[in-house]
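Chemist: Starting from these lines, generate the structure:
(3 chains)
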Amino acid sequence: MPELPEVESLRRYLIREGIVGRTFDQIVLEDKPSPISGTGAISRIANVKGRKIKSLERRGKQIVAVLDGGVMGLHMGMTGQLNVLGSDESAPRFTRALFTLTNDLRIALVDPRRWAKLQYFETLNQALKGLGPDALDPDLTGDRFVQSFRGRTAQIKPLLLNQSIIAGVGNIYADESLHRVKISPDRRADDIPTDSYKALLLAIRESLEHALAFIQSNLDDRGRPYIVDAHDERMHLLRKPGSFCPRCEIPLVTQKFSGRTAYFCSNCQK
DNA sequence: AGTACGTCCTGATCGC
DNA sequence: TGCGATCAGGACGTAC
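Modeler: All right, here's what the predicted structure looks like:
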């Protein structure tokens, strides 16, 4: 489900639960290929056993647990969630993997759709391979952002979802940001001026920071991040059929870009 | 290389 | 109430 704000909230939740400094005692996987994929993946994930978590980091939607020897990558896909279980709590429905850490701290990877991924890597670089700069990384300057779209003929919407260009932006916040800066999702990337790109980067960050602050102030009674849904009223753009542009008050239109639905205003977004 | 599209998987929701 | 069609916030492989 998650985009950057949800993943960052998940990372902070795990840190609050005290997973850093603990060791993986056991990992029980559901007997289906997911959430492990690829040849030899099961034997590789077994490498995390006995390893201590030195830190828990994130780039874009990818969580990385840096171990004392290797790195575990966690990606929640579209429906993945991690839940720390109470001492007599049994694993919930759709649990695909169950970790036991030092002192019997148990964490369930719950993922109805089985698109979450667990992977073991030798190095941090391998774990982050193919990911561009994190959307909130200050090293991603406006100029660098502009540069990454130079010579691109594709439409801006699918490019914003490309994690090798900017990591952490998903369908919701892409639409939200484009609306904020009045750029149409079908605009060709090489048709957008430099200044608009700089405004777009700011808008992306505002959307993400706003969402992160909202999630952090709405944790559930067990301290877990609230699962945001697409119709959440804190979004400017209400992603549902029949909703209206908050500026023009005319109905939003939808358009699919390689299978992903964009909501936008055909009047103010050019 | 860059772009466009199909596919992975399963639950929830909507219309008949 | 039941059932099929459609949709879902992600990412990757493939073909051009």
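Chemist: C-alpha from now on. contacts and neighbour counts both.
Modeler: Fine.
Chemist: quick one, helices of the stretch 101-250 of chain A?
Modeler: Along the stretch 101-250 of chain A, counting by DSSP state H, counting those that start in this stretch, helices occupy A:124-127, A:142-147, A:156-160, A:171-180, A:194-216.
Chemist: Out of these, which gets nearest to DNA strand C?
Modeler: helix A:171-180 (3.8 Å; CA to the nearest atom of the strand).
Chemist: can you tell me if that closest one touches DNA strand B.
Modeler: No: taking CA under 7 Å from any atom of the strand as the criterion, helix A:171-180 and DNA strand B are apart, separated by no less than 13.3 Å.
Chemist: and if you look at stretch A:99-119?
Modeler: Yes: judged by CA under 7 Å from any atom of the strand, stretch A:99-119 comes into contact with DNA strand B at A:112-115.
Chemist: distance between the ends of that stretch?
Modeler: Taking CA to CA, to the nearest Å, stretch A:99-119 runs 14 Å from one end to the other.
Chemist: same deal with stretch A:136-152?
Modeler: 23 Å.
Chemist: Quick one: distance of that stretch to the chain centre.
Modeler: 19 Å (CA atoms, centre = their mean, to the nearest Å).
Chemist: One more: stretch A:243-259?
Modeler: So, by CA atoms, centre = their mean, the centroid of stretch A:243-259 is 23 Å from its chain's centroid.
Chemist: check contacts around the residue lying closest to residue A:92 once chain neighbours are set aside.
Modeler: Leaving out its chain neighbours, the residue that sits closest to residue A:92 by CA to CA, 6 or more residues apart in numbering is residue A:110, at 7.3 Å. Neighbouring residues of residue A:110 by CA atoms under 8 Å, 6 or more residues apart in numbering: A:80-83, A:92-97.
Chemist: Would you check how far apart residue A:3 and residue A:27 are?
Modeler: Taking CA to CA, one finds residue A:3 at 26 Å from residue A:27.
Chemist: Residue A:251 too?
Modeler: 49 Å.
Chemist: What is the one helix or strand residue A:55 maps to packed up against?
Modeler: Residue A:55 is part of strand A:53-59, with elements assigned from DSSP states H and E. In terms of contacts (3 or more CA pairs under 8 Å, 6 or more residues apart in numbering; DSSP states H and E), strand A:53-59 is packed against helix A:4-16, strand A:62-67.
Chemist: which residues of the stretch 101-250 of chain A score low on pLDDT?
Modeler: By pLDDT under 70, the weakly predicted segments of the stretch 101-250 of chain A are A:226-231, A:233.
Chemist: Near DNA strand B, which residues of it? Just list them.
Modeler: For the stretch 101-250 of chain A, the residues in contact with DNA strand B (CA under 7 Å from any atom of the strand) are A:112-115, A:151-155, A:158-159.
Chemist: which of the residues you listed are buried?
Modeler: Among those, those classed as buried by 16 or more other CA atoms under 10 Å are A:114-115, A:155, A:158-159.
Chemist: Could I get these in TSV, plus columns for distance to residue A:234?
Modeler: What follows is these, written out as TSV (distance: CA to CA, whole Å):
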residue	distance to residue A:234
A:114	28
A:115	27
A:155	27
A:158	24
A:159	25
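Chemist: Farthest-apart pair in those, please.
Modeler: Comparing every pair within those by CA to CA identifies A:114 and A:155 as the most remote, at 29.6 Å.
Chemist: Buried ones in stretch A:26-33, by neighbour count?
Modeler: A:26-27, A:29.
Chemist: likewise stretch A:45-57?
Modeler: A:45, A:47-48, A:50-54, A:56.
Chemist: Then stretch A:141-150?
Modeler: Those would be A:142, A:145-146, A:149, for stretch A:141-150 by 16+ other CA under 10 Å.
Chemist: Quickly list the domain ranges of chain A.
Modeler: A:4-127, A:142-264 (automatic domain parsing).
Chemist: Out of these, which gets nearest to residue A:133?
Modeler: That would be domain A:142-264 among the domains of chain A, by CA to CA, at 5.5 Å.
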